[in-house]
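A.B. asks: Coordinates only, no sequence provided:
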């Protein structure tokens, strides 16, 4: 399983200028992090940044850039990686630790079966936000079972009764196995707060 799961928002205008110029200046450094036909991959990335949108980068292309920034800046200060990515149009606004990823992926899988729609590595904000509400319901019910208050759950369920009903059903089926799981309600709450006014794409990497 992956060590971390990153959630990303983008700024296409900033990426078109800053990321493009950085790739041009440091071309030889980034090549080793790209796909097999490295030179062609780099030229395609640059073309997408200039003529299209940073959101149009494939998962492999974005991963290459992400790994390049981690290699370049992580040795001095881990937070510097996020800062530099942000300056170049890639906002890593949250990350899940390895201990939380399994629970998150199971909740996502249940939601995808319910909606009959798979959320790919890149999802529009509205679809992702709907999933987050389900995640808040499901993990909030776990917390309530432990005697913890969840005001956001109580607020949201008024406008999302069908989704809350599904979360209740899933919780009743699985609660005996869930009480000892990692508490990832705070992750869903933070993701909710970070995306509720956002209109672009959400990327999971």
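C.D. replies: The structure has been received and is ready for your questions. Quantities reported herein were computed from a predicted structural model and do not represent experimental measurements.
A.B. asks: what's the lowest-mean-pLDDT helix or strand in the chain packed up against?
C.D. replies: Among the helices and strands of the chain, helix 161-178 carries the lowest confidence by mean pLDDT, DSSP states H and E, at a mean of 84. Under the contact criterion of 3 or more C-beta pairs under 8 Å, 6 or more residues apart in numbering; DSSP states H and E, helix 161-178 touches helix 125-145. (Glycine included, C-beta is placed from N, CA and C.)
A.B. asks: Which neighbouring elements make contact with the helix it packs on?
C.D. replies: helix 98-115, helix 151-156, helix 161-178, helix 185-195, strand 201-204.
A.B. asks: run the last query once more with 10 Å
C.D. replies: helix 98-115, strand 122-124, helix 151-156, helix 161-178, helix 185-195, strand 201-204 (3 or more C-beta pairs under 10 Å, 6 or more residues apart in numbering; DSSP states H and E).
A.B. asks: highest average neighbour count across the ones you listed?
C.D. replies: strand 201-204 (a mean of 22; mean count of other C-beta atoms under 10 Å).
A.B. asks: quick one: strands adjacent to that one?
C.D. replies: strand 4-10 (antiparallel), strand 122-124 (antiparallel) (DSSP bridges).
A.B. asks: of all these, which lies closest to residue 140?
C.D. replies: Closest to residue 140 of the strands paired with strand 201-204 is strand 4-10 (C-beta to C-beta; 19.4 Å).
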